[in-house]
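> got a predicted structure here, sequence first:
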Amino acid sequence: MKLFITAIAPLFATLASAAVLPKREATVWQSPFSGTIDAPVANDVIVPGVDFAFEYALSNWCESAYTPFTVYLTGGPAPPSFENVNANGTLAEGSFMLDLGKYSVSNFGLPSQGTPPPSTLNLPVEVVSAVTNDTQLYLTVLQEFDGCPGGISVEYSLTSIPVTLRTTAV
């Protein structure tokens, strides 16, 4: 019994105090590298309801087996900042106008996993009602990096280009 009191009791006290520690916020790590949006190019005119070219040259500096990324249409005086990235790898509600889909690229000849990126995207006509003439729009890609060096399990990068939305008929 004396062994219990001198050896085991302090262990229970330590565990009990650890159980009441506040939960730590999930950390969102920003990657030092990002891919590039090759199509459309900066300031291209996008017409709602009409396909436009899309090409994203990803960065695979972590040498991940698969590279997921999400494409957004965002608006505002500047593209979204990294502070808008949630711990689950999405942009925060209110920081984007439209989620254009999550895609995955397989690397090193591995079989496809998830939805491969399309060669074209299409904005629904309804997006015009959410845009005023002075709203600057951005095509934004949020890329995920898995298994990066330094013991960081997941990192994210954010890449944006300005685009112009044609809201009236030609």
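Nice, I can see it.
> name every strand pairing with the lengthiest strand in the chain and say which way it goes.
With DSSP state E setting the assignment, residue counts place strand 152-165 as the longest strand in the chain. Sheet pairing of strand 152-165 (DSSP bridges) gives strand 29-30 (parallel), strand 45-46 (parallel), strand 137-148 (antiparallel).
> and those strands as CSV, adding mean neighbour count?
In short, each C-beta sits where N, CA and C put it, glycine included. Shown next, in CSV, are the strands paired with strand 152-165 (neighbours: other Cβ atoms under 10 Å):
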stretch, mean neighbour count
strand 29-30, 14
strand 45-46, 15
strand 137-148, 21
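> what is the neighbour count of the residue lying closest to residue 166 once chain neighbours are set aside?
With Cβ to Cβ, 6 or more residues apart in numbering as the criterion, residue 166 has its nearest non-adjacent residue at 4.8 Å, and that residue is residue 47. A count of neighbours around residue 47, defined by other Cβ atoms under 10 Å, yields 17.
> from residue 35, how far out is residue 47?
Separation of residue 47 from residue 35 (Cβ to Cβ, to the nearest Å): 25 Å.
> CA atoms only: put the longest strand of the chain into CSV for me.
Provided in CSV are the C-alpha atoms of strand 152-165 (Å, rounded to 0.1, in the frame of the first residue of the first chain):
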residue,chain,number,x,y,z
ILE,A,152,5.2,19.0,-40.3
SER,A,153,2.3,16.8,-41.3
VAL,A,154,0.4,19.2,-43.6
GLU,A,155,1.3,22.6,-45.1
TYR,A,156,-0.7,24.8,-47.4
SER,A,157,0.0,27.4,-50.1
LEU,A,158,-2.2,30.1,-51.6
THR,A,159,-1.9,31.4,-55.1
SER,A,160,-4.1,34.0,-56.8
ILE,A,161,-4.4,35.8,-60.1
PRO,A,162,-6.7,38.7,-60.9
VAL,A,163,-9.5,38.0,-63.4
THR,A,164,-12.2,40.1,-65.0
LEU,A,165,-15.8,39.0,-65.1
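> what residues does stretch 90-108 touch?
Identification of contacts with stretch 90-108 by Cβ atoms under 8 Å, 6 or more residues apart in numbering yields 58, 60, 63-75, 80, 84-86, 112-118, 121, 123-124, 127, 130-131, 137, 140, 142.
> picking up where we left off before, Serialize the strands paired with strand 152-165 to CSV and add fields for distance to residue 90 and mean pLDDT.
Converted to CSV, the strands paired with strand 152-165 look like this (distance: least, Cβ to Cβ, whole Å; pLDDT from 0 to 100):
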stretch, distance to residue 90, mean pLDDT
strand 29-30, 15, 80
strand 45-46, 22, 92
strand 137-148, 7, 90
